[in-house]
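>>> Sequence first, then the predicted structure:
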Amino acid sequence: MSDKVQDFSPLTPNCARALSDKMYEKRKGAALEIERLVRDLIANNSTEQIERLLSVLGSEFALSSNPNARKGGLIALAAMAIGLGKESGAYLPQLIKPVIACFSDPDSRTRYYACEALYNIVKIARSAVLQHFNTIFNVLSKLAADTDINVKNGSELLDRLMKDIVTESSSFDLVAFVPVLRERMYTTNSFAKQFVLSWITTLASVPDINLLVYLPEILDGMFHILGDQNKEIRKMCEFCLVEFLKEIKTSPHSVDFAPMVNFLITHSQSDDELIQLTAITWVGEFLNLAGRTMLPFASGLLNATLPCMAYEDPRRKDIKEASKSVNQNLMRLITKDDDKDDDEETEARTTGPLMVSVKFEIAAMVEVLTRYLNHESMQTRIAVLKWIYHLHMKTPKKIFQHVEEVFPVLISTLSDPSDEVVLLDLEVLAEIISSPSGPKTSKGSPTKPEVKSVKGMNIYFTKFMFNLLKIFASDQQLLDDRGSYIIRQLCLLLNAEDIYRTLSEILVASDDLKFATNMVQTLNSILLTATELFELRNSLKDLKTEGSCSLFCWLYKSWCHSPVATVSLCFLTQNYRHACDLIFLFGDLEVTVDFLTEIDKLVQLIESPIFTYLRLQLLDAEHNQYLIKSLYGLLMLLPQTTAFTTLNNRLSCVPNLQLLPKDQRKNTTGQVPEKRTHVKTINWENLLDHFKSTQEKHKQSKKPTQKLWEEQLQNMLKL
């Protein structure tokens, strides 16, 4: 027994027994005795005895396997701190370490006594305890989630004391604390999250602590806490984030924006509406404050905000509007200066308060835009097209480095079901193909069939026309439903003559005769009826210039795929004699229902305002006999339908040449002599031969089909 007492010295045997007693009052009495003993040791400067006592209380009692001994050891360590008073700072490691170990004790009473002991130690040591702050903070964060209410209450008292010490001390090591704080923010326990938030709020309220400097370290964790299911915690975190954002607006120069942007981009894509709205709102403010320093993150910002354009749910209306604002602000940051070569970028260009030089990289943006151009939402596709158009306006040289990635997707977008998307798509394509930054010559193999380049256009003009016809050829429904709309809009955006000339050059060499016929009929209908082509019609009607005559010849060659369209072109250009020659060849063609339908449409057009001049020319029957003869030719081709009646009634109004006075019948040629200089140079015989050869191709292409039909008919008869 004497050996055992010797082991606990300088404790008396009675004091040692009392510390391990199951009665609280005896342990409390032993603690008071230890407090008096420590005061005497301090007075006698017995440092070795103090250290011996600390060792005994820690290892033999606080860390004992006996629950009562552990509780006694905790009370004794607190009493010893009280006894040490101001000198406790020198012995804090020995005082705190055993207490910290007891916080993991399975017995809730032991954990409570540990809270009480540590509270008393901290209360005595005050600012000296800050050297062990991170250790205490880790313990407190775990105690916040403790299941025992008494332990939680005890930890809250200790927590408030620690906050008081931190706020009144100038020696708090925030740099060392932030990594610990960041780690604890990712806890899954709601009480622990609330504890962490309370510390962030406390630190932010201290005037001498600039927490904005460390915001990049903790911002991601705060958004993690914002996603908690507890409404009070969400509200608390939201308030904290709002306050941080206010501080950022007040002093943007003290904020490092870049490290936070990627976190915001990630949370902008969250399924949680509050997290998403908060993140996008922060991004919007960052764009206003940081300006061009945000440009390196442009692709990520687009990736986060473009899908938000699709939101139709009223609950996500604010998210959608915030995303629109982010897009608009991001667009404003990109200027024409961003299209300069790298060696030209010598000056810093900023729109915000941070004067930094930023190099604009477009490749990642193009990848995101190309991907979202196929998004299911119309609003998202519209936003993407606006972006592509903006980049072509501001940075044409850079965007043309990636045009091969964008161009095919823009072409396929012409099949979009939305008229608004198609119109915007056409505007973008028109900007691309007419941009002076585009290449004028192709580095690859020449386009087949070879088409002359158009003045003022780059090589993508011809590529576009080829692809447009290709997409129409592969989708007849698109041609029927949207073909006219697309061509008309293109004629508004670009030069109608260039469009018609290029399409004609391609169609002349087309091997798909059926498609060529349908396309010519569509182009002809647009040419004769669309208000957008008024000037082109007038140019063709008069044929006063060499260019207009050249255009007529190209149109004629492609129009030959449709006999009736060819005649209507001759009517439009007032080449009635040639129209008459063509109609006489109709007798050698196969007259089908479609053929008669085309004549029916032509008769209706003749009665429209487009051909007012033609109807008036019928009054001068003597000089327009080929016109009259052509119309009678059409009449003879028609069955006695409504169109027949209409045309017959019109021709019945033509003055009778025989009733005219003889002195007025001076012209024996039956036509007005051609006065248009350039028209006289047209080789009509060659044009007529081309018409014949084209129709012969159509005839030959139908033979295999006809032969197959005949074989099937014979097989059916055998059965």
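Alright, I've got the coordinates. Small disclaimer: the values here were computed from a predicted structure and weren't measured.
>>> Surely Leu11 is within a helix?
No. Counting by DSSP: H, G, I helix; E, B strand; the rest coil, Leu11 is not part of a helix but coil.
>>> Which residue is the nearest non-sequential neighbour of it?
Computed as C-beta to C-beta, 6 or more residues apart in numbering, the closest residue to Leu11 that is not its neighbour in sequence is Val56, at 6.4 Å. From N, CA and C alone the C-beta is placed, and that goes for glycine too.
>>> what do you get for Leu53?
Leu53 sits nearest to Pro10 (C-beta to C-beta, 6+ apart), 5.7 Å away.
>>> CA atoms only for stretch 395-412, dumped as CSV, please.
Once non-C-alpha atoms are left out, stretch 395-412 reads as follows in CSV (Å, rounded to 0.1, in the frame of the first residue of the first chain):
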residue,chain,number,x,y,z
THR,A,395,-13.8,38.6,-82.3
PRO,A,396,-14.2,37.5,-85.9
LYS,A,397,-10.5,36.4,-86.4
LYS,A,398,-10.5,34.2,-83.3
ILE,A,399,-13.9,32.6,-83.9
PHE,A,400,-12.9,31.8,-87.5
GLN,A,401,-10.1,29.6,-86.1
HIS,A,402,-12.9,27.3,-84.8
VAL,A,403,-15.6,27.9,-87.5
GLU,A,404,-15.3,24.3,-88.8
GLU,A,405,-16.5,23.1,-85.4
VAL,A,406,-19.5,25.5,-85.3
PHE,A,407,-20.5,25.6,-89.0
PRO,A,408,-21.9,22.1,-89.3
VAL,A,409,-24.0,22.5,-86.1
LEU,A,410,-25.4,25.8,-87.4
ILE,A,411,-26.4,24.1,-90.6
SER,A,412,-28.2,21.3,-88.8
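>>> List the buried residues in that stretch.
Across stretch 395-412, burial judged by 16 or more other C-beta atoms under 10 Å covers Thr395, Pro396, Lys398, Ile399, Phe400, His402, Val403, Val406, Phe407, Val409, Leu410, Ile411.
>>> Identify all contacting residues around that stretch.
Stretch 395-412 is contacted by residues 334, 336, 338-339, 360, 362-363, 366-367, 369-370, 373-374, 388, 391-392, 425, 428-429, 432, 435-439, 460, 463-464, 467-468, 471 when judged by C-beta atoms under 8 Å, 6 or more residues apart in numbering.
>>> What lies in contact with stretch 254-262?
By C-beta under 8 Å, 6+ apart, stretch 254-262 touches 210, 212-213, 215-216, 219, 248, 282-283, 286, 289-290, 293-294, 296-297, 300-301, 354.
>>> Keep only those of the residues you listed that are in strands.
Counting by DSSP state E, no part of these is found in strands.
>>> Narrow those residues to those that are buried.
Judged by 16+ other C-beta under 10 Å, buried ones among the contacts of stretch 254-262: 212, 215-216, 219, 248, 282-283, 286, 289-290, 293-294, 297, 300-301, 354.
>>> SS state for Arg676?
coil.
>>> Quick check: phi and psi at it.
phi -80, psi 120 (degrees, to the nearest 10).
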